[in-house]
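Peer 1: Here is the input, now give the coordinates:
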Amino acid sequence: MVKNYQKTKNFLAKNTHNWLITGVAGFIGSNLLEELLLLDQKVFGVDDLSTGLKKNLDNVKLNISKKQWKNFKFIKCDISETNNLKKIKDIDFVLHQAARGSVLKSIINPIKTNHSNVTGFLNILNFSKNANVKSFVYASSSSVYGDSKTLPKKEIKVGKVLSNYALTKKINEDYSELFFKQYNFKTIGLRYFNVFGKRQDPNGDYAAVIPRWVNKVIKNEKIYIFGDGKTSRDFTPISNVVQANILAATTKLPIKNYIYNVGASSRITLNKLISTIYEIFNVQNSERKILYKPFRPGDIRHSLANISKIKKELEFETNTNFKDSLKSTIKWFINQQ
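Peer 2: Residues are numbered from 1 along each chain as shown. All right, here's what the predicted structure looks like:
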């Protein structure tokens, strides 16, 4: 039996649509761009390049044909400014990925985070509603679960948020609910759980733990772990996120406001993560450089996704082989050196 995502890709390959990706030069945005262009879709991509990287777009260009690349139009702009969106016409599906994604940075500069994550979100949401797009899919976050200690995390139960970043994502979800109730507009929020994979920047202000640690092991530098290393996360390969976005955008489910967890539904501690990275690099215990620091404010202790809802409603299929996904990611980073 052909799985739902393969069916969806087969359909798209035979039927061209117009897509808008915000944050297209970022880690997740560029992976979505590559998948859609390989399916011969037409894509408008916007990014202000404040955290996104032009080299990500250059890397996508290397992986597709010249004909497919011509289906991509890049617009450098800040989505927080309403006028910047007037150039974009005739969009079928919106994949909103643009955001400032650092918990720590949001605590240091809440105004900047709110401007990007709330004002920018509302602008693109309102633009999409006025453009009568078929669906609006946006990146939420597992951080909205806040201080909830329930594991695994289910969509219906969240706690009190623990950071300004998490609050902006919760506000995004609330706006989406109101846009459905007030305007009958279809929105789908995807709560990502610790995504990793190719093109994730190890050096930026928003660097996640896997690319940062892989980069440090390559350079034989010290690894810093905040806390005791028993903090656990649901590390999610980028392929899961790409699949979830495309399934969500193209679903035939009725008009409504939907929320889905996107994870691998497996829990790995930071100690286990760094041990696995060192194993893949064949670094012996005596040569490992690990230092522990105090816990950071705003960090969630444990995170694990219940993905039964997205599996049932969108027929999502998770890639649960963490080590294989990690090996593939490490290989990509080594090849970029």
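
Peer 1: from here on, contacts and neighbour counts on C-alpha atoms
Peer 2: Fine.

Peer 1: per-residue pLDDT, V2?
Peer 2: Looking at V2, its pLDDT stands at 59.

Peer 1: what mean pLDDT would you report for stretch 220-239?
Peer 2: 95.

Peer 1: Now do it: distance from first to last residue.
Peer 2: The first and last residues of stretch 220-239 sit 28 Å apart, counting by CA to CA, to the nearest Å.

Peer 1: Kindly report the same for stretch 135-149.
Peer 2: This stretch, stretch 135-149, spans 32 Å end to end (CA to CA).

Peer 1: Now it: buried residues?
Peer 2: Residues 135-148 are the ones in stretch 135-149 that count as buried (16 or more other CA atoms under 10 Å).

Peer 1: same deal with stretch 226-246?
Peer 2: 226-227, 229, 231-246.

Peer 1: now the end-to-end length of it.
Peer 2: Its first and final residues considered, stretch 226-246 spans 35 Å by CA to CA.

Peer 1: among the buried residues of stretch 226-246, which are in helices?
Peer 2: When those are checked against helices (DSSP state H), the matches are I238, S239, N240, V241, V242, Q243, A244, N245, I246.

Peer 1: Got the phi and psi for the residue located most distally from the centre of the chain?
Peer 2: Largest separation from the mean C-alpha position in the chain: S286, at 35.5 Å (CA atoms, centre = their mean). Here is the backbone geometry of S286 (degrees, to the nearest 10): phi -70, psi -20.

Peer 1: likewise K61?
Peer 2: According to degrees, to the nearest 10, K61 has phi -60, psi -30.

Peer 1: Identify the residues contacting it.
Peer 2: Counting by CA atoms under 8 Å, 6 or more residues apart in numbering, K61 touches W69.

Peer 1: cool, and the one 10 residues further on?
Peer 2: If you count contacts by CA under 8 Å, 6+ apart, N71 has them with L37, D40, Q41, K42, V43.

Peer 1: L85 versus that one, what's the distance?
Peer 2: Per CA to CA, N71 is found 19 Å from L85.

Peer 1: Have a look at the protein and report the helix or strand with the lowest mean pLDDT.
Peer 2: Least confident helix or strand, the chain: helix 103-108 with a mean of 87, by mean pLDDT, DSSP states H and E.
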